[in-house]
Structures are given as structure tokens and as C-alpha cells.
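K.L.:
generate coordinates for the sequence data below:
(one chain, ligands or ions: 1)
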Amino acid sequence: MANHEEVFDVTIIGGGPAGLYSAFYSGMRDMKTKIVEYQPQLGGKILLYPEKIIWDIGGLPPTPGQQVLENLNQQAQTFEPTVCLNEQIQTLTRRADGVFLLKGSSGETHYSKSIVLAVGHGIFKTAKLEIEGADRYEVTNLHYTVQQLDTFKGKHVVISGGGNSAVDWANALEPLAASVKVVHRRDEFGGHESNVNQMRSSSVEVFTPYCLEELHGDAAGTAIERVTLKHLETEECTEYPVDAVIVNHGYKMDLDFLLESPLQFETNEGILAVNEKMETSVPGVFAAGDLVSNDGKLRLIAGAYVDGAKAINQAKVFIEPDATAQAYVSSHNERFKEKNEEILKKDQLVTAGTE
Ligand SMILES: Cc1cc2nc3c(=O)[nH]c(=O)nc-3n(C[C@H](O)[C@H](O)[C@H](O)COP(=O)(O)OP(=O)(O)OC[C@H]3O[C@@H](n4cnc5c(N)ncnc54)[C@H](O)[C@@H]3O)c2cc1C
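P.N.:
The predicted structure follows:
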């Protein structure tokens, strides 16, 4: 692969909410920007819940994940950053002249004066069901995410897991599935209290302390038609017919490229340590989003946006020490002058057309 040395002002690793908002904000700061994302598409964890309605982003009415993702993508493209998809950053080093070298899985090296790490929980690996042969049902009725609620309409569904997602999906599917059973190893659920209460007071059947012990395939061996649930104290096993199994056993974090980097990042209980300015322990490398650990960290999309803006402001001052500490507000920012005129012109045309 051609590997000419084009040095960017900032390279953002990770194209989730933190990375996408950082890319928009770095455009406001007139920085030459690159986003590198491991997945074939941008969006980060929002790709896992496209149909879930998001309520807690300031100024946005309740909006499905897919729409938030599209809006975020559109906003991130405002200043046309360079985007590299299907590219996993595997090593981070720094040259004697201070330029960072980011080695990707494609074999390409990316060159940058500063870095914003926005890798969330790292390369996202869904924890799989530990039952031998379970993977053969992944193409039919064993699911690790719920992409479309309608897939489960009128079906008998078993959900294994006790975290936020398991509880959320149980509540979302309860009105449209024929039945929903939730199987969890402990009596306590990790989900938000109000969601757990909603689940417990609905028709959802809650099995605790239970585990999903066995999957039984149909005659063709291609789809699950029954499951065995085991009580963890009495070890009593019961079989139930099922049309679909959803597993939410959490996600595994893979941050090896950071934890094993020769740059030696400081961590805090396994998560990247940053100060209130989003500076890591390595000068020139900043971080944003779910990855970071600092006092008062808000692990939400809104928190990722604030982190991203702060990280970019620091990156700007790192490469240009005389730059202002933060971008000028967008409503009065000259960077938007032409774009505002276009928007206003379009609005006037629409108004004229409807009169
Ligand atoms: C089921 C679910 C529901 C949620 N609901 C809400 C909600 O209602 N409201 C809310 O505010 N928040 C919600 N959240 C949380 C929200 O999605 C996260 O806080 C947000 O996605 C964090 O953004 P991020 O950019 O830091 O990380 P992520 O979204 O995890 O994005 C990180 C990106 O970095 C990429 N990456 C990782 N390592 C590398 C590498 N080495 N090289 C290149 N790319 C890499 C990953 O592929 C990923 O795309 C929910 C989360 C889940 C799982």
C-alpha cells in the first residue's frame, strides 16, 4: 500500500459519538483532521441500538439511535475530515521530531501532530454464550444484539443476561413478543431501577438465579427450538420451547494497543487516566468518551461530546501554543458564515414555496 507521509494536525482514533463530535469540533478549530475507525462504518456503540429511543441528549426530542447516528455523521462531515474505515490502530509510537506514528491493521502508518483517543471500550467484542456449538445458531435465532424489534413479533423469546441491555430489550419486546423470559445468574439486575421495576411488574417471566444450560436444535440442526434453564442452587433443569434466544452477557474490552504502547499511558483501574482537561499522561495525546476515567466522568453520549470538545481544544493549543483556549461559539463563528448563508437561503426558498 502507498504510504506517503501526510501529517495531520489531529488523528482521532475511534468513530463513535466521542470521535465524531471531536471531528466536528476540530473543524471549528481549523485543524487538519483524520478519523480512523476499526468498523466498516462510523457510529460506535450506537450501531448496537439503532431502534432504541434516546431521550437524554440535551435539546433533542426522543430520537431513535439510527437517527442520532445519522445526525452525528452528518455533523462530523461538516469540515470534511479524512475518514479511514476498517482500520484498527495497533501501535502508537512517537518519532524524535514529535510526530506520532499510528500503525494500522492495513499496514498503513498514519502521521499526526496530536492524537485524540476515542476508542470507547476498545475493539468491541461481545461476550459469547459459553455453550459448545452455540455459534452455529448465530445465523438463525441466536442473537447478540437486537437490530429490529419486529424480528421478534409474536415469538417466544428467552433473554440471557442481567445488565442494562438485557432489561431494556425485555421491556421493549414485552408488548410485541408472544412471551419473554429473562434468565440471570443473580437476583439483582444491573439495569436502571425504574427499568427493572417495569420489567418485574410486566408479563416478563424472570428466572433468577438461573443460567441458560443447553440449546436444543431442530431436526435440521440449524435453529434453536428448545432451551434448558438450570436453577443455580438446586441444579434443577427445565426445558422450554423457544423461537429466539438473545444473549446480553456484556462486552469485552480490548485496549492492548494502549496498554502495551511504548508510550506508557497511565491507567486508573484498567481505564485510561486523564485529567480534567482530557490530557493523558503522554503529552500530545488526549482522550474522550467512554474510554476515560476522571472525577465526575459522565458515561453518556452527552458526556462524550463535552470530552471531545475539551480534548480538541487541548490538542489545538498543543500544536499551536498561541491559539485561543477554546473555539469561538458557533452562533458567531466566522467558520460558519458561508454555510449559514446557504441554510438561510434554503429556508427562504422553502418558505416562499409554501406561501
Ligand atoms: C445498549 C446501549 C444503550 C445505550 N443507551 C444510551 C442512551 O440512551 N443515552 C446515552 O447517552 N448513552 C447511551 N449508551 C452509551 C453510549 O452509547 C456511549 O456512552 C457512547 O457510545 C460512548 O461513545 P464513545 O465514542 O466514547 O465510544 P464508542 O461508541 O464505544 O465508540 C468507540 C469506537 O472506537 C472504535 N475503536 C476501538 N478501538 C479502535 C482501534 N484500535 N482502532 C480504530 N478504532 C477503534 C470502535 O470500533 C468504536 O466504533 C448506551 C450504550 C449501550 C451499549
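
K.L.:
contact residues of this protein facing the ligand?
P.N.:
13-19, 36-39, 44-46, 48-49, 52, 54, 56, 88-89, 118-124, 165, 257, 289-291, 299-302, 304 (C-beta under 6 Å from any ligand atom). No exception for glycine: its C-beta is placed from N, CA and C like everyone else's.

K.L.:
PyMOL command to pick out the buried ones of these?
P.N.:
Paste this into PyMOL to select the buried members of the residues of the chain next to the ligand, with burial taken from 16 or more other C-beta atoms under 10 Å:
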select buried, resi 13+14+15+16+17+18+19+36+37+38+39+44+45+46+48+49+52+54+88+89+118+119+120+121+122+123+124+165+257+289+290+291+301+304
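
K.L.:
now the strands for the stretch 101-250 of the chain?
P.N.:
For the stretch 101-250 of the chain, applying DSSP state E, counting those that start in this stretch gives strands covering 109-117, 125-126, 142-143, 156-160, 179-183, 205-207, 210-217, 224-231, 237-241, 244-247.

K.L.:
can I get those strands in TSV with mean pLDDT?
P.N.:
Converted to TSV, the strands of the stretch 101-250 of the chain look like this (pLDDT from 0 to 100):
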stretch	mean pLDDT
strand 109-117	98
strand 125-126	80
strand 142-143	96
strand 156-160	98
strand 179-183	98
strand 205-207	97
strand 210-217	97
strand 224-231	97
strand 237-241	97
strand 244-247	97
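
K.L.:
would TSV of those strands with mean neighbour count be doable?
P.N.:
Output for these, formatted as TSV (neighbours: other C-beta atoms under 10 Å):
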stretch	mean neighbour count
strand 109-117	25
strand 125-126	13
strand 142-143	20
strand 156-160	23
strand 179-183	24
strand 205-207	17
strand 210-217	18
strand 224-231	17
strand 237-241	13
strand 244-247	23
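
K.L.:
mind putting these into JSON lines with distance to Glu6?
P.N.:
As requested, the strands of the stretch 101-250 of the chain are exported to JSON lines (distance: least, C-beta to C-beta, whole Å):
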{"stretch": "strand 109-117", "distance to Glu6": "7"}
{"stretch": "strand 125-126", "distance to Glu6": "31"}
{"stretch": "strand 142-143", "distance to Glu6": "41"}
{"stretch": "strand 156-160", "distance to Glu6": "47"}
{"stretch": "strand 179-183", "distance to Glu6": "51"}
{"stretch": "strand 205-207", "distance to Glu6": "55"}
{"stretch": "strand 210-217", "distance to Glu6": "50"}
{"stretch": "strand 224-231", "distance to Glu6": "50"}
{"stretch": "strand 237-241", "distance to Glu6": "58"}
{"stretch": "strand 244-247", "distance to Glu6": "43"}
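
K.L.:
tell me who's in contact with the residue lying closest to Ala223 once chain neighbours are set aside.
P.N.:
Distance criterion C-beta to C-beta, 6 or more residues apart in numbering; nearest residue to Ala223, sequence neighbours excluded, is Thr140 at 4.2 Å. Contacts were defined as C-beta atoms under 8 Å, 6 or more residues apart in numbering; by that measure Thr140 touches 222-224.
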